[in-house]
Structures are given as C-alpha cells and as structure tokens.
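Undergrad: need a structure here:
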Amino acid sequence: MTKGILNKINLMWVAIIVVLYLLLSYMMAAGIINSYYKITLFNMCINIMLAVSLNLVIGICGEFSLGHAGFMCIGAYSAGIITKMMPNYAGLILGILVGFVISTIAALIVSIPTLRLKGDYLAIATLGFSEIIRILVQNMKITNGAAGLSGIPALTTWPLLMLGVVLTIVICSNFTRSAPGRACIAVREDEIAAEAMGINTTKYKVIAFVIGALLASAAGALFACNFYVIKPTQFTFNKSIDILVMVVFGGMGSMTSSVLAAIAIGLLNMVLQNFTDARMIIYGAILVIMMIFKPQGLFGDREISLSKIVDKVKAKKEAN
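TA: Numbers count the residues shown, from 1 in each chain. As a prediction, this is how the structure comes out:
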C-alpha cells in the first residue's frame, strides 16, 4: 500500500516536471519568452543548480562555505577550453568530466584539512581557496589570462539545462535521505554527540563537500557554453555571495526553498539589470532583514511534499 502511494507521488512529480518543461518549451518556440527572458530563464536554472548544491553543504551539513565560485570557475574553464577544441556535445561532456576530476581533487585538498575548522574560520579558508583558483586562472596562458575565453560554442540548450536542474535536485534530495545524509544532519545538529555515537564526522562532511563541488562545476560548464565568453572577474567573491544569498533567503536545509529563492532572485536581477551598483546593496539589506526577522529563511527547512498534500486531502475526505 505504502509503495503504491509512493509510486503515485513519484509519478505526480514526473508529470509536473514534464508539463513545466513542455509549457516553457512551447512559450519559447511561440516567442512568448523572447531572447531576453530566455537568458533570464537559463540564468535561473544555473542558479538553481548552484543554490541547491551549496545548500547541501551549508544547510544539510552545517558547514559555512564561500568557495562555490571557485568550483564553478573550474567547471566553466574546463568546458570552455575543451569545447573550443571540440565544438560538439562530445567536447562538452568531456569538459564536464575534466571539470569533475579537477574539482574532486581540489575539493579533497581543501576539505580534508579545512573541514576540521568551524564557523568563520571555515568560511575564510574556502573564500581563500576560491580566490586562489581565480588568480591562477587569471595568470595562466591556457585560460588566456585576464582577457578570458571568447568564442565558446553555444552548446547549452533548454533540455540540457532542465536535465541538469532535475539531476541536481534528485542527487541532493536523495543524498539527504540516505545514511550519509542522515549522518551529515546529525553532525549539523550536534557534532560532539555525532562523534560520540561513532559517526566519522570529517568523512561525511568531505563527502557532502565533494558532491556540492561537482554540481557547482557542472553548473559552471553549462554557464560557459551559454554565454560564449567567460572571464576571471565573473567568479569573484561577489559570485559566492550571490549564491549564499539564495540559500539564506530561501532557507537552509530545504532544497525546495533554494529553488524558489533562485527563481525569485533571478527575477529581481532582471528588474535591477540597469542598477548593478544598487544590486549588492539590496542583497546586503535582504540578508540583514532576514537575519533579524526570519533567520531560518522564508521557508526554513520545510520541503514541498506531495505526500503531505495527499495525506491532507485524504484526511479531509475522511472527515467529511
């Protein structure tokens, strides 16, 4: 009985995703979503991947990281360099895989020593890593230095982006419900108690950190093949703050909130397109207001659950 209900709920989610995909595809084909709004939509999808993957590290594991822009940079330049040599989807896949390898190595080098730190110390360490990556890219010949890469093939399509978003959400949600994910939640709630129960806290924090790094790298690859040009200045401290704002604004620990926050902030960016200086001020004001009035975020750690909706409908029917 329970399996049947779960299967129905999974089918409902699949149906919602398919309908949303087809609706947006039709709107783009019909010109309802023009090129300007299409860019905004693509940006939202990339931001969803970044926000959900960072929420896995911050919200589920409880580790305050500011290094996501660095992993995004690795993925973007890996895909950009390889797709310029192989301007096809085989090149894009190879670029994503190369980004995965480099990101995994970098994540392990950074996470094993730094995840023993806590709070502000960890944030400073990961921020330093992100800046090291950016400076290395800025001074390498293969990346064309500060001038960046241009003429990157436009291989990022709407179906590919939708696939990336769905896979990111599925991977992070399933990890949260798995045994390692439960261990990460235990570490977040009380690391000392988790260690007393025999949980290898460093191991599980490193696993979550590496998964988040890989997903950020994939988002970077799709970003590079969408905007044709990438520069080191696109992966500065401000980019890490942009991603952090989405996580904090929506609610740490909830994948649903990260998705909704990424969409809301994407729309806000569209409105503030001509006020770039004011954008960071508004972001800062949003963070301050959220910390004062609702530090858990708009949705906290709550998820949109179809099973709960089904249960409520059943309860109402039984009551009637």
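
Undergrad: what residue ranges in this protein score low on pLDDT?
TA: For the chain, the stretches with pLDDT under 70 are 1-13, 117-119, 276, 283, 300-320.

Undergrad: hmm, try it at 50
TA: By pLDDT under 50, the low-scoring segments of the chain are 1-7, 9.

Undergrad: spatially central residue for it, please.
TA: Centroid check for the chain by CA atoms, centre = their mean gives residue 50 as the closest residue, at 1.9 Å.

Undergrad: show me the contacts for it.
TA: Contact analysis of residue 50 by CB atoms under 8 Å, 6 or more residues apart in numbering lists 68, 72, 215, 216, 219, 243, 246, 262. The way it works is simple: take the backbone N, C-alpha and C, and place the C-beta from them, glycine included.

Undergrad: and if you look at residue 205?
TA: Residue 205 makes contact with 61, 63, 111, 115, 184, 187, according to CB under 8 Å, 6+ apart.

Undergrad: how near is it to residue 69?
TA: With distances taken as CB to CB, to the nearest Å, residue 205 is found 20 Å from residue 69.

Undergrad: repeat for residue 94
TA: Between residue 94 and residue 69 the computed distance is 23 Å (CB to CB).

Undergrad: the two: which is more packed in?
TA: Between residue 94 and residue 69, residue 69 has the larger neighbour count (other CB atoms under 10 Å), namely 29 against 17.

Undergrad: and that one, that one's in a helix?
TA: Yes - per DSSP: H, G, I helix; E, B strand; the rest coil, residue 69 lies within a helix segment.

Undergrad: can you tell me how far it sits from residue 231?
TA: According to CB to CB, residue 69 stands 13 Å off from residue 231.

Undergrad: drop anything exposed from the contacts of residue 205.
TA: Buried residues within the contacts of residue 205, counting neighbours by 16 or more other CB atoms under 10 Å: 61, 63, 111, 115, 184, 187.

Undergrad: does the third one belong to a helix or a strand, and which?
TA: Here residue 111 is covered by helix 89-114, with elements defined by DSSP states H and E.

Undergrad: now do the next helix or strand after that helix against helix 89-114: the angle between them, please.
TA: Using DSSP H and E, the helix or strand that follows helix 89-114 in sequence is helix 120-138. Here the directions of helix 120-138 and helix 89-114 differ by 140 degrees (axes from the mean of the first three to the mean of the last three CA atoms, to 10 degrees).

Undergrad: export helix 120-138 to PDB, keeping only CA atoms.
TA: Coordinates of each C-alpha in helix 120-138 appear next as PDB, following Å, rounded to 0.1, in the frame of the first residue of the first chain:
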ATOM      1  CA  ASP A 120      34.100  31.900  10.400                       C
ATOM      2  CA  TYR A 121      37.400  30.100  10.100                       C
ATOM      3  CA  LEU A 122      36.000  27.600   7.500                       C
ATOM      4  CA  ALA A 123      34.300  30.500   5.600                       C
ATOM      5  CA  ILE A 124      37.700  32.400   5.400                       C
ATOM      6  CA  ALA A 125      39.500  29.200   4.300                       C
ATOM      7  CA  THR A 126      37.100  28.400   1.500                       C
ATOM      8  CA  LEU A 127      37.000  32.000   0.400                       C
ATOM      9  CA  GLY A 128      40.800  31.900   0.200                       C
ATOM     10  CA  PHE A 129      40.600  28.800  -2.000                       C
ATOM     11  CA  SER A 130      38.100  30.400  -4.300                       C
ATOM     12  CA  GLU A 131      40.400  33.500  -4.800                       C
ATOM     13  CA  ILE A 132      43.400  31.200  -5.400                       C
ATOM     14  CA  ILE A 133      41.500  29.500  -8.200                       C
ATOM     15  CA  ARG A 134      40.500  32.800  -9.700                       C
ATOM     16  CA  ILE A 135      44.100  34.200  -9.600                       C
ATOM     17  CA  LEU A 136      45.600  31.000 -11.100                       C
ATOM     18  CA  VAL A 137      43.100  31.200 -13.900                       C
ATOM     19  CA  GLN A 138      43.900  34.900 -14.400                       C
END
